[in-house]
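Novice: My questions concern the predicted model and sequence given below.
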Amino acid sequence: MVKKAFLGFLFVGAISMLVMSFHYFQAEDSGILGNKEVASKNWYILSFRIHVLFGLIAIATGPVQFIKRIRTGYAKVHKRMGFVYFTSVVFSSLSGLIISRFAMGGMITVTGFGTLSVLWFFITSKSILTLVKGDFLGHKKWSFFGYSLTFSAITQRILLLVPLLTDVPFLPIYRLSAWLPWLVNLYIANALLTTSTKRNFGFPNNTR
């Protein structure tokens, strides 16, 4: 029951993110893009939309990888979805690293989003390398950490509701959102993995 609720939460988050990000493909001055001079550059818009598009694909395909029935009964589906997920993370993280240089809020946000992009790429790559070596336990753990970084896009949007729904200034919260969401998600992922070892939650076993 706990695992089903957890997967349901991931799917709901993925769907909500798809809805919230659709406007970025409708206008070049949508959302935060309207406050950036660099958004008038075609290369930036292309990089930004690559980041968003492939990030959405990663968010949407990630939860499917944690469904045990698919992992064990439909190995080819799991493998192909994994390839789509990994490719999406590569494109989104690298383009995210490019656009992070122009994040609002100065060096705090630049380094926060830049660090996230590098870690996202590294941890997701680590999950593939452990799989190639036949370390299925390591693959599952690194994949779980990797998706926690993918899901930080949703955690960030939740945090940004604070200035949207209250009188709290936007920029301080935006600076905070460059670090807090993915740090919290990594902490939660580690806590869940630790708990799952004791409760057999479904991730930390050395089988496919």
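Specialist: All right, it came through fine.

Novice: For the protein, give me the ranges with low pLDDT.
Specialist: Scanning the chain for pLDDT under 70 picks out the ranges 1-36, 197-208.

Novice: ranges for the strands of it?
Specialist: For the chain, applying DSSP state E gives no strands.

Novice: gap between the spatially most central residue of the chain and residue 176?
Specialist: Geometric centre of the chain, nearest residue: residue 150, 1.1 Å, by Cα atoms, centre = their mean. The spacing between residue 150 and residue 176, counted by Cβ to Cβ, to the nearest Å, is 20 Å. Every C-beta, even on glycine, is put in place using the N, C-alpha and C of the backbone.

Novice: Then residue 195?
Specialist: 27 Å.

Novice: who's more crowded, these two?
Specialist: A direct count of neighbours by other Cβ atoms under 10 Å for residue 195 and residue 176 places residue 176 higher, at 18 against 12.

Novice: Distance of the more buried one relative to residue 68?
Specialist: 36 Å.

Novice: repeat for residue 62
Specialist: 15 Å.

Novice: Between those two, tell me which one has more neighbours.
Specialist: residue 62 (25 against 14).

Novice: Could you find the closest non-adjacent residue to the more buried one?
Specialist: residue 147 (4.5 Å; Cβ to Cβ, 6 or more residues apart in numbering).
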